[in-house]
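S.K.: Got a sequence here, can you build the structure:
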Amino acid sequence: IDTSDDDEEYTPVATAAPVAAPASPVTLPDASADTSRIRDDANLFTSEQEIKIAERIAQFQKNTGMDFVVMTSKKSHEGLSAMQLADDFYDYGGYGLDEENSGVAYYIDMYERYHYISTTGQMIDYMTDERIDSAINNNTRYLSAGQYAQAALNMIDMVENYYRRGIPEGQYQYDIVTGQ
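M.R.: From the prediction side, this is the model:
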């Protein structure tokens, strides 16, 4: 986990071992300077920080074959939960690189002073509740210090590290509709 300050140059996490390519080929967008996967409604990031985050997202996409989006807000949810907002933002935003739209939405809520991770598709298997709780807890220090861009970059790193560690043994998905 990178613990540098926002003012210092960001260095992506080094990887210990290569990970096999995603199961199905995906077409990756050229997101080297594409900030379309960042919706900063709370105005937490500078233009330069958005570019850094976009570049890191592009690398995440290349390394995992999955998507990552960052959303910030400073307004009332008007009865919606952070989960509903993050899920809807990702699900209806056209994100995802494969048939399952696999990926992560990282939501920083300045109104409720809360942050949340939403997963979909294959990423659900990699990001267990325990891993999500750990990532959220480890990232809170950056938000508390006002290092919002560092929080986004660090979250991308942590999710990618969990991806590289693989799906935990015994991991399964529970369908609340069918009970299976």
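S.K.: can you list the weak-confidence ranges in the protein?
M.R.: Low-confidence segments of the chain (pLDDT under 70): 1-34, 171-180.
S.K.: all strands of this protein, in order?
M.R.: Remark: strands assigned in the chain by DSSP state E are 38-40, 67-73, 103-109, 114-120.
S.K.: just how off-centre is the second one within its chain?
M.R.: This means strand 67-73. 7 Å (Cα atoms, centre = their mean, to the nearest Å).
S.K.: One more: stretch 117-131?
M.R.: The answer for stretch 117-131 is 10 Å, by Cα atoms, centre = their mean.
S.K.: how deep is residue 150 tucked in, by neighbour count?
M.R.: 25 (other Cβ atoms under 10 Å). Just so you know, the C-beta spots here come from the backbone N, C-alpha and C atoms, and that holds for glycine as well.
S.K.: just checking, it touches residue 143?
M.R.: No. Using Cβ atoms under 8 Å, residue 150 is not in contact with residue 143, being 9.2 Å away.
S.K.: Need the residues touching each of those two.
M.R.: Counting by Cβ atoms under 8 Å, 6 or more residues apart in numbering, residue 150 and residue 143 have no shared contacts at all.
S.K.: Which parts of the chain are helices?
M.R.: Per DSSP state H, the chain carries helices over the ranges 47-64, 82-92, 123-126, 129-144, 148-165.
S.K.: What lies in contact with the fourth one?
M.R.: Think helix 129-144. Contacts for helix 129-144 (Cβ under 8 Å, 6+ apart): 1, 108, 115-117, 119, 127, 148, 150-151, 154-155, 158-159, 162, 168.
S.K.: Going through those, which ones are buried?
M.R.: 108, 115-117, 119, 127, 148, 150-151, 154-155, 158-159, 162 (16 or more other Cβ atoms under 10 Å).
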